[in-house]
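1. My questions concern the predicted model and sequence given below.
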Amino acid sequence: MFEKIIFATTGTPTCDHAAHVAFDLKKKYNSELTLFHSMGMPSRGFSPFVKDSRTGEDEYLDNDYADWVKEELKTYYAKQLADTEGVMIETSAGESHREILRAARKNDADLIVMGAHSRDEEPGATRYRNVVGSTMQRVAKGAKCPVLIVSRPCTTCLWYFSNIIFGTDFSKASYSAFLFAYQLAKEIGAKLHLFHAMDMTSIHSGKAVSQEEIEAAIADARKRIEKTYVAKMADYDNYEIEVWEGVPYVEILKFARERNGDLIVMSHHTREVDPEDAVLGSTVEQVVLRAACPVASVNRPDKVS
Amino acid sequence: MPEGKLCNTQNVDTEEQLQALLNDKSGKQYYEEMNHLEVDAKKLYATIQKTLKSRLRTWLEICAHCGMCADSCFFYLANKKDPTQVPSYKIQGTLGEIVRRKGNVDNAFMQMVMDTAWSKCTCCNRCGMYCPFGIDMGVMFGYLRGLCYSQGFVPWELKIGSGMHRIYRAQMNVTTEDWVDTCEWMAEEYEEDWPGLKIPVDVQDADIIYTVNAREPKHYPEDLAEAAILFHLAGENWTVPSEGWEETSLAMFAGDWAACKMQVESVYDAMHRLNPKRMVVTECGHAYRATVVEGPYWAGLKGGQTPIPSFHYVEWVAEALRTGKIKIDPDKRIKEPVTYQDSCNYIRNAGLSDVAREIMSYIAEDFREMRPNREHNFCCGGGGGLNGIGRYREQRNVGLKVKRDQILATGCKLVIAPCHNCWDAIRDLEEEFKIGIRWSFLKPLLIKMAIVPDHLKPEE
C-alpha cells in the first residue's frame, strides 16, 4: 500500500514532521518516494513571475529558478537524502493543491504525505491563527489516494503503531477510509477502533433530544458499524466499536487521546471547498489542527480497494 | 548589431526559439539587444502605406487637440492629470509622428513608442466614446502595436506569448494531450459529487462547443470542471474540441497579426470539423474580442461573423437563468453588497452590458453599480496584456488606483469579474493596496447558488 509515495513539502519547518514520516516509510517499505514542491503561482497568468511559496517573494520563473529550488530542497533535506537512495525531486509552478494533485495523478501515487500546509499567502504560518491551509484541505478533497497529514512530531514509526482510530460518518467516502484503516491495521498488527460521533450540534438550533433517543441512536450506530464494517473484516478480531455523542471533531479528538491513538483515519468529502468557508473548516480540518497524532484523509476507493 | 539573437524581427516559430527567450531571465538580454536593434525605416513606411487605411489616416489628421479625451483615460486620471497621458497626445506623439516622418525614426524613438503603446494604453477604447469626432485611440494603438511588432519592438513577455500561439495554438504550452488529459482528469475528480459528469471531447453536432483560456487547463482546471458542472445542471448537449479549444490571443496584445490569424483559424476549424450549433467561450474578455469580434476579419471571413453563432459566457448564463435551465435557490442569493466589473472587451466593445445586469438581477440582492459603469466603465487597469509585462509593473500598479477607488466607492467587498484579465488585475489590486475585497468569476458562485435536481445528486 506504500509503493509510490509523494511527499508534498513547502521545504520549511512546517513540513519537518511530515518529512520524518515520509522518509521513514520509504526506507521501511522500499517505496518510490517523490519529494514534490510547488513553486507558487505564476501570478500574472502568462507572465513568468512566481511567488516563492517559502519566502513569499516574487521570483522569475525559469529553469535557473527551478534548479535553485531543487538545490534548496536538497540542502534542506540533506540529512535524510544522505541515507536514502533514489528519492526523486520534482517541482512545478502553479496553485499548490492543484500541482500536488497533478503530480499524484501523474505518478499514480498510493499515498500523499504532507504537513498541514499553510495558505499560500501566509508562508509557513500553520497553526498561528487556527487556520489550516486550504492547500491541505483541497488536496484531501481531490486526491484519489490516501493523504497522510503530519503536523506534529510522530515519535513512533508507522509500522509500530498500535492504535488506529477510524472515525466514520457512514458516508460512501467513509467506506474508503475504512478500507485504508483496516488494511493498515492488518498489515502492521494494530488495534482498529471503529468510532462514530453522533452529531449533537443540532441541539443548539433548539431541537431537544431525550436521553432515550440518544441511547437508541447510539445503539443503532453500533449496529451499523457491525453491519457496514465489521462484516467486511473476515476473522480480524483486534478491534473495538465505540459511539459517542457530541460535536464530532471534539469527540474524535477526545477518543483518540483516551485510546492513545497513533493515527486517525477519516474521510473528507464535504462539497464546500471554498477557502472562505474553510477558515474554521470541516471536521477533518479541526481534527488535523488539534490532533496529537497524524491524520489520514481517504475519500475514494481507487487506491484502497 | 541590426538584429539580436532574442530581440529581432523574426517570428517565434520553434520550441528552441521559445526556450531561448524563456531562459533569458526577465528579458534582460532581450531588452539589452533591443538597444541595438536597427529600425528598418523603409519597411516601416512601406507597411504604413499599405496598411494605414483611410479611417486611421483621417483620425490622425482631424484630431482637433481639444482634449476631450483626457479625462476619459484612466492613466491620465491615475497619473494626476499628467498631460503626457492625454490619449490624443499619446497617439500623435507616436503613430502620428512616425507617419509625419515617413518612418524615419530611430531606435530610441521606437522604444519610446513601445513603452507608450503597452504601458500607457490598454486598448480599452474608452477614449473613443468621448471624442467628438469618434476618434478611437485604442484602435490606433492596436494598429501601432502591429508596427512595433514588425520592427521587433515588443515587450519580452508578449514576444513569448505570440510564440506560444504559433507553436501550441495556445497562450501557454498546453499541448493537445495535456488538454484532453485535463478534461478527463477533471471529470474524474468531480464525478463523485456530480454523478454522470462528463467533459465530452470532440462530439459531433453538439448544441454547444465550449472554448477556454489556456490558463484554465494550465493552472485553474477547476474552472473547466465548474463549466462542466453548470452545463450538466442545465442539461446541455455540449462538447470541447481536442484542438482549437483556445480562444485567447496574446498575439493580439503583441500585434502579431499572422499569429492572430493562425490562432482563430484553429478555433474556426474546430467549428467546421465538429459542426456544433453554437459556440460559448469561458469568462474571458479578450478571448471573446479576439475570436468573436476581431477574429473573423483576421481570418478574412466575409461579413465579419464567426462560422457559427458565438456567445460570451455571460450570455449563456443569462439565458440559462432566464429560461430556468439553471434555477437559483432564493435563499442562497448573494446577500452582501456586490458589484460587477464591466470588462471593456465584451461590455464596451461588444455591448453585453444588459446581459450582465440581467444575471445580477437573478443572483444578487444588493447589486451596486460602479460609477461610471457599463460602456463607460474604466478598464480594470491590466488590460491589453499589461498585467503580464514585468517591465511595466509600476505603471500598471499606478493605473490600478482608478479601479480601486471605483470599487471602494461602492462599499462592496465582493467584486464579480467574469474576465480573466479583470480578475487578475483586481486580485493584484488587492495585493497592492489591501482594501479587503474578494473577487470571483461567476461559475463558482453559480454552483453554490443553483438548485440541484434530485436526479443529479450523488447517492448517499
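-> Yep, that arrived.

2. shaky segments in the stretch 151-300 of chain A?
-> Where the stretch 151-300 of chain A drops to pLDDT under 70, the residues are A:202-207, A:269-282.

3. Correction: the previous question concerned chain B.
-> For chain B, residues meeting the criterion pLDDT under 70 lie at B:1, B:460.

4. Over in it, which residue gets nearest chain A? Let me know.
-> Residue nearest to chain A within chain B (CB to the nearest CB): B:Gly388, separated by 3.9 Å. Bear in mind the C-beta positions are built from the backbone N, C-alpha and C, glycine included.

5. What is the neighbour count of that residue?
-> Residues lying near B:Gly388 (other CB atoms under 10 Å in any protein chain shown) number 27.

6. For it, give its distance to B:Val292.
-> Distance check for B:Gly388 against B:Val292: by CB to CB, to the nearest Å, it reads 22 Å.

7. returning to what we had before: the residue of chain B closest to chain A contacts B:Met164, correct?
-> No. If you go by CB atoms under 8 Å, B:Gly388 and B:Met164 don't touch, sitting 11.6 Å apart.

8. which residues in the stretch 1-150 of chain A form strands?
-> Per DSSP state E, counting those that start in this stretch, the stretch 1-150 of chain A carries strands over the ranges A:4-8, A:32-38, A:49-51, A:58-60, A:88-92, A:111-114, A:147-149.

9. To chain B, which of the ones you listed lies closest?
-> Judging the strands of the stretch 1-150 of chain A by CB to the nearest CB, what sits closest to chain B is strand A:58-60, at 4.9 Å.

10. close to chain B, is that closest one?
-> Yes. Between strand A:58-60 and chain B, judged by CB under 8 Å from any CB of the partner chain, the touching residues are A:Tyr60.

11. is it true that B:Asp136 touches B:Cys124?
-> No. B:Asp136 is beyond contact range of B:Cys124, at 10.3 Å (criterion: CB under 8 Å).

12. For these two, indicate the residue with more neighbours.
-> B:Cys124 (26 against 23).

13. what domains does the record give for the chain?
-> Went with chain A since none was named. Using automatic domain parsing, the domain ranges for chain A come out as A:4-149, A:158-297.

14. could you do chain B instead?
-> Residue ranges for the domains of chain B, per automatic domain parsing: B:39-154, B:169-322, B:330-449.

15. Let me have the ones you listed in CSV, extended by distance to A:Cys157.
-> Shown next, in CSV, are the domains of chain B (distance: least, CB to CB, whole Å):
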stretch, distance to A:Cys157
domain B:39-154, 58
domain B:169-322, 32
domain B:330-449, 42
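
16. Ok, which of the ones you listed comes nearest A:Glu251?
-> domain B:169-322 (26.3 Å; CB to CB).

17. What's the end-to-end length of the closest one?
-> Domain B:169-322 has an end-to-end distance of 35 Å (CA to CA, to the nearest Å).

18. quick one, helices of the stretch 101-250 of chain B?
-> B:107-119, B:137-150, B:156-168, B:176-191, B:215-218, B:221-234, B:250-254 (DSSP state H, counting those that start in this stretch).

19. and what of the stretch 351-460 of chain B?
-> All helices of the stretch 351-460 of chain B, identified by DSSP H, counting those that start in this stretch, fall at B:353-363, B:393-410, B:420-433, B:442-449.

20. most neighbours per residue, which of the ones you listed?
-> Highest mean neighbour count of the helices of the stretch 351-460 of chain B: helix B:420-433, a mean of 23 (counted as mean count of other CB atoms under 10 Å in any protein chain shown).

21. name the helices or strands packed onto that one?
-> With contacts defined as 3 or more CB pairs under 8 Å, 6 or more residues apart in numbering or on different chains; DSSP states H and E, the packing partners of helix B:420-433 are helix B:285-288, helix B:393-410, strand B:438-440.

22. So what touches that helix?
-> Contact with helix B:420-433 is made by A:43-45, B:213, B:215, B:248, B:283-287, B:341, B:343, B:380-383, B:387, B:396-397, B:400-401, B:403-404, B:407, B:415, B:417, B:435-437, B:439-441, as judged by CB atoms under 8 Å, 6 or more residues apart in numbering or on different chains.

23. Of the residues you listed, keep whichever come out buried.
-> In those, burial by neighbour count holds for A:43-45, B:213, B:215, B:248, B:283-287, B:341, B:343, B:380-383, B:387, B:396-397, B:400-401, B:403-404, B:407, B:415, B:417, B:437, B:439-441, counting by 16 or more other CB atoms under 10 Å in any protein chain shown.

24. quick one on the thing from earlier: could you identify which of the helices of the stretch 101-250 of chain B is most buried?
-> helix B:250-254 comes out most buried of the helices of the stretch 101-250 of chain B by mean count of other CB under 10 Å, with a mean of 29.

25. Quick check: next helix or strand after it?
-> Using DSSP states H and E, the helix or strand that follows helix B:250-254 in sequence is helix B:257-274.

26. can you give me how far that following helix is from the chain middle?
-> Taking CA atoms, centre = their mean, to the nearest Å, the mean C-alpha location of helix B:257-274 is offset from the chain mean by 17 Å.

27. Report all helices and strands that whichever helix or strand comes after it contacts.
-> Using DSSP H and E, the helix or strand that follows helix B:257-274 in sequence is strand B:278-281. Strand B:278-281 sits against strand B:208-211, strand B:310-312, helix B:313-322, with contacts defined as 3+ CB pairs under 8 Å, 6+ apart.

28. any chance of these in a markdown table, plus mean neighbour count and distance to B:Lys43?
-> A markdown table is the format used below for the helices and strands packed on strand B:278-281 (neighbours: other CB atoms under 10 Å in any protein chain shown; distance: least, CB to CB, whole Å):
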| stretch | mean neighbour count | distance to B:Lys43 |
| --- | --- | --- |
| strand B:208-211 | 24 | 35 |
| strand B:310-312 | 24 | 35 |
| helix B:313-322 | 22 | 41 |
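
29. export those to a markdown table and tack on distance to B:Ile62?
-> What follows is those, written out as a markdown table (distance: least, CB to CB, whole Å):
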| stretch | distance to B:Ile62 |
| --- | --- |
| strand B:208-211 | 39 |
| strand B:310-312 | 33 |
| helix B:313-322 | 36 |
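
30. Redo these as JSON lines? Include distance to chain A.
-> Compiled in JSON lines, the helices and strands packed on strand B:278-281 are given as follows (distance: least, CB to the nearest CB, whole Å):
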{"stretch": "strand B:208-211", "distance to chain A": "17"}
{"stretch": "strand B:310-312", "distance to chain A": "19"}
{"stretch": "helix B:313-322", "distance to chain A": "17"}
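
31. And the ones you listed: which comes nearest B:Asp366?
-> Closest approach to B:Asp366 among these (CB to CB): helix B:313-322, 17.9 Å.

32. hmm, stretch B:446-459 in reach of chain A?
-> Yes. Stretch B:446-459 is in contact with chain A by CB under 8 Å from any CB, via B:448, B:458-459.

33. And the helices of the stretch 351-460 of chain B: which comes nearest A:Asp67?
-> A:Asp67 lies closest, by CB to CB, to one member of those: helix B:393-410, at 24.8 Å.

34. for chain B, what are the nearby residues on the stretch 101-250 of chain A?
-> Residues of the stretch 101-250 of chain A that fall close to chain B, judged by CB under 8 Å from any CB: A:101-102, A:105, A:142, A:144, A:171-173.

35. Tabulate these in TSV, adding columns for neighbour count.
-> Below are these laid out as TSV (neighbours: other CB atoms under 10 Å in any protein chain shown):
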residue	neighbour count
A:Leu101	24
A:Arg102	20
A:Arg105	18
A:Gly142	25
A:Lys144	23
A:Ser171	15
A:Lys172	15
A:Ala173	23
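
36. Which ones among the residues you listed lie within helices?
-> Where these overlap with helices, as defined by DSSP state H, the overlap consists of A:101-102, A:105, A:142, A:172-173.
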